Every structure is written in structure tokens, then in C-alpha cells.
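J.: Here is my input; please provide its structure:
(chains A and B)
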Amino acid sequence: MQIKKIFNFYEKIPFSYKTSFLIFIIAGGMFSIIVLSQISMYALKNDFDFLFEKRTKPIIKLETIKDTFAINIYDTLYDVQHDNITISQSKDVIVLGQQLINKNWLSYKKTSLSKSEDTFFVTELIKTLVLNPSSTHNEKLQHNIIKNIDRKIALINKKINTIYILFSQKNEEEAIFLIDKINFDINSINIYLTNLTNYDLNLAIDEKINTQEVFNILSNILNLSIFLVFLFCILLSIIIINNFRVSHYILEAAIEDKTKELLKLNDSLANKVKTEVLNSRKKDIIMFQQAKLASLGEMISNIAHQWRQPLSSILMIVQSFQVKMSLGKLTQEYMDEKVNDAILLSQNMSNTLEDFQNYFKPNKEKSIFKISDCINHSLSLSKYILDQEKIEVHLIIKEDLSTFGFYNELSHVLLNMISNSKDALKNKSNNKLIKIVLKCQNNFIVIKIYDNGGGIKQEALPHIFDPYYTTKYKSAGTGIGLYMSKQIIEKHMNGNIKCKNVYYNINKAIFEDCALFIMAIPIVKAKDE
Amino acid sequence: MNRNLNILNQFNILYIEDDKSLLKHTKDILDDFAKEVYAVNTSKEAFEIINCYTIDIIICDILLENENGIDFLKDLKENKKIFIPSILATAHTDTKYLLEAIKLKIDHYIVKPINVKELLNTLHDILLPQIQEKELRKNINVIKTISAITDSKQVEIIKYMISNLDEKNQLFTSYLEIMQKISVSKPTLIKLFKDLASKKILNKIAHKTYFFDEDALNSL
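T.: Numbering: from 1, shown residues only, chains lettered A, B, ... in the order given. As a prediction, the model looks like this:
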């Protein structure tokens, strides 16, 4: 339960905290491992040092003492016994030997009896905690041996003194006897020393075993701690990975949801786009109709203008009959003359109607027609407005070509262009010119329409083909004309339409600020279709 | 109002219209009524006609070829100081033209297509004052001549009486009043009044009130 609680608590910790926790634990574990290993290494080194300093060195000293007894004292005494050296000489050697023995002995005692307080606290701790204090009972033995050795050394020294006293009294026989005795003493001391050495060696072995033990324990602790850290790390990693997985699933689910939503949105957008496209197509159709209606209005006003004059005349003729009749002056000749005039006038009116009828006729059939015919027809349809504004038109046909398409649509475009040029020229006082050039260029029929109406304003230039963009007053322009023209040329005729401002030479006079519309229509033959 | 269109035959008409066909047909009609119809296409020709002939009235189309009828009339009135009654004819019912026409004190404005009767009536209405003026001047001359050869005092008294008539052709006066204004003897005055009364021209209807009977003049 407790663990579960902790786990639950851990689950609730924010993810960033978990990761820092992991890092902290890993770092802590590593640090503790490093510290532990350092400590154990240091402890082991310390133990070895101790072993060497406290156990090996005293043994060497004991050996030295032994040797000194054997060489300095015993051999000297032997030499004296056999008269190899003088007594005074031997005395010097023996004194030296005694001094050496004393010195070594003292230092041995000092090292072996001093308490080993400088051992490392960790090893001490482990030793006290883990090892049973086995070596303490041996210390008595050591003390006994040391005491015996002390006594023996004192005895030997006394005997040596006695020997020398005897030598000085010339009691050589007794001296030699004593020397033999000393030999025994030296031998016994040697045995004692050997005992001590053994003791020390035993101690060293014990300690070595202890060190081994400590090493084992330390390495076990180290391994355990490594294992624990490892375990903990794995545990944490598992938890975090689990967390990752959970969050991944959550995210995946969220993404799936979002994807679904997006798909839905996409679908609805696609639908919207579809409907919008339909709408815009409808709008295009409506605009096309609007444009058509606008030009229809213009055409009707053209017809009206062209009809007004003959209509006035005919009306006058009709009224003249009444007047003449009332005056009694109506003669046959007068009647004939007037009727003929009226017939001519009405024929003229009828012709006008026919001209425009072609324009209005919704002929959906593509046909082969001459571009020049279309241009001429369009010009004749706009004749009235052009005359009214006193606009001169120069038509230059370099190459006359036929095309296959909708006659009316091209006518519509041309009329629109002419109408635009007329509007641009309206405010000019004189010298109003339109120049139309028809030629063939790179398999394209190119119609260029120039007018010296001042060109197109720079800011309007990029927008003039946009729908509902107009520079004219609201009442004058719908902003559809050029858009529809572009649609017709580009969509229906696969051509292109451009406009720019140019310097141009019309009728041998150079005009600045001419607007130029270039329409390029691919040459299409009926059989290609 | 019944108009006597015959009065038109005393006048010369200048007609300016750029549509030749309409010009011809209209001229054919007007020829029957006017003394002379000068039909021209341009203002230049019109000026020539005006310089050569006496023109009594101008009919001008507003929209002429390459020019404007209003500008022509403006030029005529303001620069050349020639004041001839003028009628504007136009297919445009544009108020812009109308305002300019009013400023120019155009006499009339007819809308195309022209209604001949309307045109003739308009011509009559504009030219009638001229006829009347001529008539008036003629009458004044007659009276002046008569007074020169007869008793000028009697003519003077009649002039006074007629000029003091009120709306109902009644005269409020006395002999004394007349004698104060005109140095005339009372017997002459009484004789004149009696003469007029006997011819039922001036009838006494109350004290110092006389009625002037116009119909009595016609029955003389």
C-alpha cells in the first residue's frame, strides 16, 4: 500500500520533475559509488601500509638484533676466546653491538607496543563491527617474550661486563667459561626473538586476513550500492519510459483526435471550396451577364442614337403630309418624293438593326471568321460613340488571319477595349486617336490597341484585370469589362491579354502616355478541333 | 388659342440642323408658312446668312456636327450683339443644356423629334409680339395723323378718358377735373360728351361715373 501510494505520488509529479529526479538519483548514485570506491581504496592502501610499517619492519629489526647478537657479540667473544683479537678491540666491537641492539630493540618496542591509533576509521569501524577481536589475547604472550628478552639482554650485558672485568683481572679461564654461558644466553635470546618474529608474523597474517575481510566487505558494499543504484536507475527509467508511453498514447490519441478534426475540417473546407468555386463560377456567369448587359445597354444607346435622326426625319415627313393636306398643297410629286425618302430612311434604320442583331445573337456555335471582319464590325458598332467623341481610328492590318471561335466574344472584347479607349479619350480636347494593329507573331494572332488617352495610372496597372476594379465613377463603370475580356481571351480562346503604357507613334506624331492593350490568340483551325 | 399662322409669312426663318435629311423635310414644311426659310448645316453658314439677310427668328439644333448650337447663339448674342429671337431644338433633355439655354434667354426650347404643330405655334407665339408692335406703331401713327388734321383738344380729352378707364371700362371724373388737366372750354366738353353719349360710346351710369362701351365702337 505504502509503495503504491509512493508510486501514485510519483505518477502525479510533473514530468520535468521526474526527469530531474532521475538525473539527481543517477548523479547521487554515481557520486556515492565514486566516494565508496575511493574510501575503500584508501582504506586498503592504509591497511597495506600499516602491515608493512608495523609488522614487516619490526621483524627486520628483530632479525638485525639477532644478527648483531650472533656476529658482534658471539663472534667477538669467540674471537676473544681464541685470542684472535685483543680485548680492547673486542670491547669496542661489543660496545658497538650493544648499542646497536639497544637502539633496535627500543625502536622495535616502540613500534610494536604503540597502539595502532592511526588506522583508517572506516576499516576500524568494519573491524569492530564485523571481526571478532582475536588478537588481544596474544598481546600477553608478546609482553612476556619482550620482558624475557629484556631480562636476557640485561643478563648478557651484565655477563659481558663481568667477562671484561674478569679479563682485566686476567682470569681468563672463568671468562671463557662465561663466554660459553653467554653463548647459551644468546642462543636463548635468539629463540625468544624468533618467537617474537613468529608472533609478529602471525599477527601480520591475522591482519592480512582482516584486510582481506575488510576488502571483501567493502567490495560487497560497493557491489551492493552499484547494484542498488543500477536497480534504482532501471526502476526510474522504467517508470519514466512508462510515463513516456502513457504520454505518448495520450499524445497519439490527441493527435488522432486532432487529425480527425483536421480531416473533418479539411472535408468541410473542400466542400466549402467546392461551393465557393461553384459560387464564383455562378458569379462569373452573372458577371458575364452583367458585362453583357452593360454592353447591351451601350449598344442599345448606340442604336437609339443611330435611330434618332432617321426617326426624326420620318416623323417630319409624316407630319408634312398633314400640314400640306391642311393647306391643300399635297401633290402627287410631293407625296412620291417624301415616300421615297421615308423608304430610304427606314431601310437605313433596318440596316442598323441588323448590324446590332449579330452582336446580340446568342450564337453558341464556334465558327471560322476573319479577325479583320470582327474588328471592322466592332468599329462600325461603336461608330456613333467614336464620331460623337470625334475619335479618329487607324486600323492597320498587316496580316489578316482567320480564327475558329466565338465571333461574338471577340467582338465583345474589342467593343470593350474601344469603349475603354473612348472613355480615356473623352476628357481630351483634341487629337483623339485610336490605333489598332492586327498581325501574326509566333503562331499567335496579335491585336494591339493603342490610344493616346494618357495611359493607365501606375497604381491601377496591376489591378485593371481584377473584377469590380474600376477607375471610373461608380455610375460609369462596373469594373467587369476588362475582367470579362481577360476571361474570354484566356479561358475561351487560350490566349493572353496584357496592358502597358507606351510612347507611341500614331499617324506620324509621337504621343507620350499611350495605353496599349495586347491580345494574343493562338491560331486555331477548324480541323484541329 | 387659335393662332393665325398666316402672320408667319412675313418672316424669314434661319434653320440650323446638321442632319441633312431632317433639315430638308423640315424646310419643306416651313416653306409653306414663312416668307423665306434659310436651312443651313453649320454655324459658319448661319453667320453668312445673318450677314446677308434679315432674319426674324433662328431655329437651332443644339448638337451640330463638331460644334454646339448654344455656343453659336452665345457668340451671336454676346460677341456680335445680334439679338434675334431663337428656338433651340434638341434630342437632349439634359438639364445642363437647359440651364445654359435659360441663361442665354432663349425664347423657346423644343424637343426632337419635332412636332410640326408645336413648332409652328411656337414660331407664332414668338413672332406675334413683333406683329403687334408693328400694328401698335401703325395705330399710333393713325391717331397722330388724325389729331393733326382735326381738333387736337378733342383727341386729347379722349386720350385722357381712355387712359383713366378702370378695369370695367368705367370712368370716374367730372368736367371740372378734366378742365383742370386740359385747357378746354366747358361747352366744348359738354358737346363732346353728348356726342359720345348719342353714339352710345360713353354712357353716364351714375353721378360722375361713365361707362365706356367698346362694342359700340365696332357697330359704328
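J.: So which bits of stretch A:165-176 are buried?
T.: Neighbour-count burial for stretch A:165-176 flags A:Leu166, A:Phe167, A:Ala175, A:Ile176 (criterion: 16 or more other Cβ atoms under 10 Å in any protein chain shown). No exception for glycine: its C-beta is placed from N, CA and C like everyone else's.
J.: I'd guessed B:Tyr160 sits against B:Ile182; true?
T.: Yes - taking Cβ atoms under 8 Å as the definition, B:Tyr160 is a contact partner of B:Ile182 at 6.4 Å.
J.: one step back: may I see the buried residues of stretch A:165-176 organised as a markdown table, with distance to A:Ile397 and secondary structure added?
T.: Conversion of the buried residues of stretch A:165-176 to a markdown table gives the following (distance: Cβ to Cβ, whole Å; DSSP: H, G, I helix; E, B strand; the rest coil):
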| residue | distance to A:Ile397 | secondary structure |
| --- | --- | --- |
| A:Leu166 | 166 | helix |
| A:Phe167 | 163 | helix |
| A:Ala175 | 164 | helix |
| A:Ile176 | 164 | helix |
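J.: how close does the residue of chain B most remote from its centre sit to chain A?
T.: Computed with Cα atoms, centre = their mean, the residue of chain B farthest from its C-alpha average is B:Pro187, at 41.0 Å. Between B:Pro187 and chain A the distance is 58 Å, computed by Cβ to the nearest Cβ, to the nearest Å.
J.: same deal with B:Asp166?
T.: Distance, B:Asp166 to chain A, using Cβ to the nearest Cβ: 43 Å.
J.: which SSE is that residue in?
T.: Applying DSSP states H and E as the criterion places B:Asp166 outside every helix and strand.
J.: Could you check the pLDDT of it?
T.: The model reports B:Asp166 with a pLDDT of 85.
J.: Tell me who's in contact with the closest residue to it other than its chain neighbours.
T.: Closest residue in space to B:Asp166, ignoring its immediate chain neighbours: B:Phe172 at 7.5 Å, by Cβ to Cβ, 6 or more residues apart in numbering or on different chains. Shown in contact with B:Phe172 (Cβ atoms under 8 Å, 6 or more residues apart in numbering or on different chains): B:Asn164, B:Asp166, B:Lys208, B:Thr209.
J.: Kindly report the same for A:Tyr359.
T.: A:Met299, A:His377, A:Leu381, A:Asn408, A:Ser411, A:His412, A:Leu415.
J.: Could you check how far the longest helix along chain B is from the centre of its chain?
T.: Counting by DSSP state H, the longest helix found in chain B is helix B:116-149. Put simply, helix B:116-149 sits 5 Å off its chain's centre (Cα atoms, centre = their mean, to the nearest Å).
J.: what angle separates the helix or strand following it from helix B:116-149?
T.: The first helix or strand that comes after helix B:116-149 along the chain, using DSSP H and E, is helix B:152-163. Relative orientation of helix B:152-163 and helix B:116-149, computed by axes from the mean of the first three to the mean of the last three Cα atoms, to 10 degrees: 140 degrees.
J.: Check which helices and strands helix B:152-163 is in contact with.
T.: Packing partners of helix B:152-163 (3 or more Cβ pairs under 8 Å, 6 or more residues apart in numbering or on different chains; DSSP states H and E): helix B:116-149, helix B:175-181, helix B:186-198, strand B:209-212.
J.: Count residues in the vicinity of the closest residue to chain B within the stretch 101-250 of chain A, would you?
T.: Proximity of the stretch 101-250 of chain A to chain B (Cβ to the nearest Cβ) peaks at A:Ile250, 78.1 Å away. By other Cβ atoms under 10 Å in any protein chain shown, the residues close to A:Ile250 number 10.
J.: And A:Glu298, by the same measure?
T.: By other Cβ under 10 Å, 17 other residues sit near A:Glu298.
J.: Geometric centre of chain B: which residue is closest?
T.: Short answer for chain B (Cα atoms, centre = their mean): B:Pro129, at 0.8 Å.
J.: near chain A, which residues of chain B?
T.: B:19, B:21-22, B:24-26, B:28-29, B:32, B:66, B:91, B:112-117 (Cβ under 8 Å from any Cβ of the partner chain).
J.: what number of residues lie near B:Lys96?
T.: Neighbours around B:Lys96, by other Cβ under 10 Å: 9.
J.: what about the helices and strands packed on helix B:152-163, which gets the closest to B:Lys105?
T.: Across those, B:Lys105 has its closest neighbour in helix B:116-149 (12.2 Å, Cβ to Cβ).
J.: quick one: average confidence on the closest one?
T.: Mean per-residue pLDDT for helix B:116-149: 89.
J.: circling back to that earlier point, ok, the residue of the stretch 101-250 of chain A closest to chain B to A:Asp206 distance?
T.: Remark: distance between A:Ile250 and A:Asp206 (Cβ to Cβ, to the nearest Å) = 64 Å.
J.: likewise B:Val116?
T.: In terms of Cβ to Cβ, B:Val116 sits 158 Å off from A:Asp206.
J.: Which of those two has more residues huddled nearby?
T.: Counted by other Cβ under 10 Å, B:Val116 and A:Asp206 do not tie: B:Val116 has more neighbours, with 20 against 15.
J.: was I right about the more buried one contacting A:Gln319?
T.: Yes - taking contacts as Cβ under 8 Å, B:Val116 lies within contact range of A:Gln319: 4.1 Å.
J.: Out of the contacts of A:Tyr359, who's the most crowded?
T.: Neighbour max across the contacts of A:Tyr359 (other Cβ under 10 Å) = A:Leu381, 25 neighbours.
J.: For that residue, list the residues it contacts.
T.: Counting by Cβ under 8 Å, 6+ apart, A:Leu381 touches A:Met299, A:Asn302, A:Asp355, A:Phe356, A:Tyr359, A:Ser411, A:Leu415.
J.: ok, the second one - how many residues close by?
T.: Using other Cβ under 10 Å, the number of residues around A:Asn302 comes to 22.
J.: which non-adjacent residue is nearest it?
T.: Distances taken as Cβ to Cβ, 6+ apart place A:Tyr384 nearest to A:Asn302, at 5.0 Å, with adjacent residues excluded.
J.: The one you found is in what secondary structure piece?
T.: Going by DSSP H and E, A:Tyr384 is part of helix A:383-388.
J.: Report all helices and strands that that helix contacts.
T.: Counting contacts by 3+ Cβ pairs under 8 Å, 6+ apart, helix A:383-388 is packed against helix A:172-327, helix A:407-425.
J.: one step back: so for the residue nearest to A:Asn302, what's the pLDDT?
T.: Value for A:Tyr384, per-residue pLDDT: 77.
J.: With A:Val339 instead?
T.: At A:Val339, the predicted lDDT confidence score is 92.
J.: Quick check: it vs chain B, distance?
T.: 12 Å.
J.: secondary structure element for that residue?
T.: helix A:332-360.
J.: can you state the direction angle for that helix and helix A:407-425?
T.: Interaxial angle of helix A:332-360 relative to helix A:407-425 (the same axes, to 10 degrees): 100 degrees.
J.: Can you give me the buried ones in helix A:332-360?
T.: Across helix A:332-360, burial judged by 16+ other Cβ under 10 Å covers A:Lys338, A:Asp341, A:Ala342, A:Leu345, A:Asn348, A:Met349, A:Thr352, A:Asp355, A:Phe356, A:Tyr359.
J.: Which SSE is immediately downstream of it?
T.: strand A:367-370.
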